[in-house]
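1. Fold the following and give me the result.
(one chain, ligands or ions: 2)
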Amino acid sequence: MKIIKNIRELVGIVPEGVLRKTGSQMDEVVSIQDAYLTIDNGLIMDFGKKGECPEAGDSDELIDAAGGMVMPMFCDSHTHICHAGSREREFIDKINGLSYEEIAARGGGILNSADLLHETSEEALYAQTMERVNEMIGKGTGAIEIKSGYGLTTVDELKMLRVIKRVKETSPAIIKATFLGAHAVGRAYTGRTGEYVSLVCEQMIPAVASEGLADYVDVFCDDGFFTPAQTDRILETGERFGLVPKIHANELACSGGVQVGVAHAALSVDHLERTTAAEIEALKGTATMPTMLPGSSFFLGMPYGRAKDFIQAGLGVALASDYNPGSSPSGDMRFVMALGCVKMRLTPDQAFNACTLNSAYAMGISDIAGSITRGKRANLLITKPLSSIATIPYSYQTPFIRQVVI
Ligand code: NIG
Ligand code: FE
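-> Ligands and ions are numbered 1, 2, ... in the order given. As a prediction, this is how the structure comes out:
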């Protein structure tokens, strides 16, 4: 058993069985002042007021929080960190006035990453991905969903997913894998989107499923990428092969993607920079978690998701980094939390829930992560002394982590 003592505030306590927060529940962050917490076998065993702390002699390791806070590590439910190299060239094109869509339409963007990935060995891809995972852990993220989608051929999609599987097996973070063969139309299929969709459904999904390489299936359902009808076909096929849907929708236009996602009981619908009342209505009463990615709004100069309206309508909201080389080259969830507060007007408590329990839900792990709950994985951050959790998004660049326990 490990004991963490001298915790000024233990933050993010959630009762067992509560898997997400919706509506006004997003305002609740329960904490205990002057607390201790014990860990057994990597799981949270117990916690309470410091007066009830077990004797140090009963533990194998005593960790002194020295008056800092203890909170669950962030969960990042949407990333593309399995990619080769970077795309600074396009960064400059964007500065000079080209839009994300224009770069993609010229055959750049995701297709550039696919070319680079094709030339990169599995070993090198693994090393690059692990470097990003370790960077994210250092910034406080303890669970990461990683998508394929820079392969765009059966061979290269499998290569990506095998790398992600190896990351799952070798990293201390909780990893979930998502098959995103329909991220863009592979070069060999330019102008033949329907045939590419058939390749995804008839060849890629069966191959991915037969090796057990993915937990989820995702589609970029948006202007210039895949239509709702194509998305419907891919999600339906994925479900038949045991893959739970997640979706990219409403980033570039009101694409109808949210509605297709909801029709397939998607675990999450992600991006949502452009939504109307219809998307909110479609999500009401469902188990689907709306997930917003303010890092891409920031980097591409797009509108921010209307998180407050979603919450007002009684929905939950999750935030994730979208860490990828094209629209969000950062996996810093603390910055995501700050953007949630500054740009989306979420309160720090709402942003905290969006980056912990709700983002855990959006990647299907809120039964084992995302809060301080007995029996959950002890993926914890010990902070430097902070006056409240509002300090995290407020002093958004001052280092705040004393120690990561993962
Ligand atoms: O979530 N929108 C689609 N996919 C990624 C971007 C991928 C890329 O540009 O490499 C996203 O923003
Ligand atoms: Fe994405």
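2. For the nearest residue to Ile146 once chain neighbours are set aside, give its distance to His183.
-> Counting by CB to CB, 6 or more residues apart in numbering, the nearest residue to Ile146 once its immediate chain neighbours are dropped is Ile164, at 4.9 Å. Bear in mind the C-beta positions are built from the backbone N, C-alpha and C, glycine included. Look at Ile164 and His183: by CB to CB, to the nearest Å, they are 14 Å apart.
3. repeat for Asn96
-> Asn96 is 25 Å from His183, where distance means CB to CB.
4. who's more crowded, these two?
-> Ranked by neighbour count (other CB atoms under 10 Å), Asn96 and His183 place His183 first, with 27 against 7.
5. thinking the residue nearest to Ile146 is in contact with Asp215, fair?
-> No - between Ile164 and Asp215 there is no contact, the gap being 9.9 Å when judged by CB atoms under 8 Å.
6. Pull up the overlap in contacts between the two.
-> Common contacts of Ile164 and Asp215, defined by CB atoms under 8 Å, 6 or more residues apart in numbering, comprise Ala177.
7. Compare neighbour counts for the two and give me the winner.
-> Between Ile164 and Asp215, counted using other CB under 10 Å, Ile164 has the larger neighbour count: 28 against 21.
8. and that one, helix, strand or coil?
-> When classified by DSSP: H, G, I helix; E, B strand; the rest coil, Ile164 comes out as helix.
9. Check Ser330 too.
-> coil.
10. check contacts around it.
-> Listed by CB under 8 Å, 6+ apart, the contact set of Ser330 reads Gly295, Phe299, Ser321, Tyr323.
11. do you know how far Arg345 is from ligand 1?
-> Going from Arg345 to ligand 1 by CB to the nearest ligand atom, to the nearest Å gives 22 Å.
12. Wait, a helix at that residue?
-> No - counting by three-state DSSP, Arg345 falls outside a helix, being coil.
13. phi, psi of the residue in the chain that ligand 1 sits nearest to?
-> In the chain, the residue that lies nearest ligand 1 is Gly326 (2.1 Å; CB to the nearest ligand atom). Note on Gly326: its backbone torsions stand at phi -100, psi -50 [degrees, to the nearest 10].
14. was I right about it contacting Ile110?
-> Yes - using CB under 8 Å, Gly326 is in contact with Ile110, at 6.6 Å.
15. end-to-end on stretch 292-311?
-> One end of stretch 292-311 to the other measures 12 Å (CA to CA, to the nearest Å).
16. From what I see, Val244 and Leu235 are in contact.
-> No - Val244 is beyond contact range of Leu235, at 9.5 Å (criterion: CB under 8 Å).
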